[in-house]
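1. got a sequence here, can you model it:
(one chain, ligands or ions: 1)
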Amino acid sequence: MKEILLVENLVKTFKLSKKQQRIEKTNQRVKIAVDGLSFKAFEGEIYGLLGPNGAGKTTTLRILSTLIKTEDGDAFIEGFSVTKQPNEVRKRIGFLTSELKLEDFFTPNYLFDYFGELHGVEKTVLEERKNYLFKKFGIDEFSEVKVGDLSTGMKQKVSLVISIVHDPKIIIFDEPTNGLDIITAKTVTDFLEELKSLGKTIILSTHIFSLVEKLCDRVGIIINGKMTLEDTLPNITKNDTLENVFFKVYNAQGGELEWKIC
Ligand SMILES: Nc1ncnc2c1ncn2[C@@H]1O[C@H](COP(=O)(O)OP(=O)(O)OP(=O)(O)O)[C@@H](O)[C@H]1O
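-> You can find the predicted model right below:
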C-alpha cells in the first residue's frame, strides 16, 4: 500500500478569550486543540477521524489543508510538507467543510469555472468534469441560478464539486454529511465510495459511528487532541460495535460525555 499522507506530531494551541473560557468552563488561557497527533493514510482508502466535540478534528484537518499552521511537527502529502511546501500540497488536496460559504451572488457554473481556472485545469478537461459532476449531483438544472437562491443541500453539493474541481489525489472532508437531508447525504456517501474506487484517499472527520462503519477502512479515535486508538475498522471493532469500543476508550480517558445526538 502506498502511503499518501503522513502526519507527525502535530501541535496546535489557541489563546482563549474570556468568553471562550466561560464556554469551555475553564480558567486556562490556552487550549491545546491538537496534542502531538500522528497518523498515516494510504492510497485508495477512506480514513475516519472519529471524536467528540472539541476533540481537535477540524483543527487537524485545517492544518492538513494548509489553512492554519501547526506549531510543531509536520504533515506530508505525497511527500510534500504542509509547512514547507503548501502550494504543492494544495495542488494535491481538496478540502470540504460545511462551514465553507460560497459567495451568494455567483452561479455554480461561474464558480466551478473560476476555481478550475485558479487551479490551472485545462478548459476541455474542466468542461468534461463539470458536465459529469453537475449531472451526477443534479446541479445541471441549477447551474445558472445564483448560489444565494439555492437550497442548503444544493449549496453543499456545489461546494463539494468545487472542492474537487482539480481532481485531487486526497480529499479531506470535515463532517461531510453534516446538515444534509438523508437523500443528499446518501448521494455524498455513495460518491465518497466512488472516489475511493478511483484510487483517491479520503480523510473524513465525523462523530457519526454509522458513517465510519459504512465507509471507513481505517479509523483514528481522537480525544483531547490525542490519537487514542488507531487501526483498521475490523481490528478496532472485532466482535463489538464501534460505539461500544469508542465509549470504552473514552471512559478510560476519563472523558466527560459531550456527544451530539444524531
Ligand atoms: N480559533 C480558535 N480559537 C480558540 N479555540 C479554538 C479555535 N479553534 C478551535 N478551538 C478549540 O480547540 C478545540 C478543538 O476544536 P476543533 O474544532 O478542532 O474540534 P472538533 O473535534 O472538530 O469538534 P467538533 O466536532 O465540535 O467540530 C476546541 O476546544 C475548540 O473550542
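
2. and the pLDDT at Leu257?
-> pLDDT recorded at Leu257 is 49.

3. show me the strands in the chain, by range?
-> With DSSP state E as the criterion, the chain has strands at 3-15, 30-42, 46-50, 72-77, 80-81, 93-97, 170-174, 201-206, 218-223, 226-232.

4. parallel or antiparallel, which strands does the last one pair with?
-> If I follow you right, that is strand 226-232. Strand 226-232 has the following sheet partners, assigned by DSSP bridges: strand 218-223 (antiparallel).

5. what comes into contact with the strand it pairs with?
-> 37, 39, 41, 45, 47-52, 55-57, 60, 212, 227-233, 236, 242, 246, 249-250, 253, 255 (Cβ atoms under 8 Å, 6 or more residues apart in numbering). In this view, the C-beta of every residue, glycine as well, is placed from N, C-alpha and C.

6. how near is Glu122 to the ligand?
-> 36 Å (Cβ to the nearest ligand atom, to the nearest Å).

7. what do you get for Thr59?
-> Look at Thr59 and the ligand: by Cβ to the nearest ligand atom, they are 3 Å apart.

8. that older thread, with mean neighbour count added, can I get the strands of the chain in JSON lines?
-> Below are those laid out as JSON lines (neighbours: other Cβ atoms under 10 Å):
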{"stretch": "strand 3-15", "mean neighbour count": "18"}
{"stretch": "strand 30-42", "mean neighbour count": "19"}
{"stretch": "strand 46-50", "mean neighbour count": "26"}
{"stretch": "strand 72-77", "mean neighbour count": "20"}
{"stretch": "strand 80-81", "mean neighbour count": "16"}
{"stretch": "strand 93-97", "mean neighbour count": "22"}
{"stretch": "strand 170-174", "mean neighbour count": "24"}
{"stretch": "strand 201-206", "mean neighbour count": "25"}
{"stretch": "strand 218-223", "mean neighbour count": "24"}
{"stretch": "strand 226-232", "mean neighbour count": "16"}
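
9. could you tell me the least trusted of the ones you listed?
-> strand 93-97 (a mean of 90).

10. that one - contacts with which helices or strands?
-> helix 57-64, helix 152-163, strand 170-174 (3 or more Cβ pairs under 8 Å, 6 or more residues apart in numbering; DSSP states H and E).

11. and stretch 16-27, C-alpha only, in CSV?
-> Output in CSV follows, covering the C-alpha atoms of stretch 16-27 (Å, rounded to 0.1, in the frame of the first residue of the first chain):
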residue,chain,number,x,y,z
LEU,A,16,-8.8,31.6,24.8
SER,A,17,-10.8,34.8,25.2
LYS,A,18,-12.7,35.4,28.4
LYS,A,19,-15.9,34.4,26.5
GLN,A,20,-14.3,31.2,25.3
GLN,A,21,-13.1,30.4,28.8
ARG,A,22,-16.7,30.7,30.0
ILE,A,23,-17.9,28.4,27.2
GLU,A,24,-15.1,25.9,27.8
LYS,A,25,-15.7,26.1,31.6
THR,A,26,-12.0,26.7,32.3
ASN,A,27,-9.7,29.3,33.8
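
12. having no further points to raise, I will conclude here.
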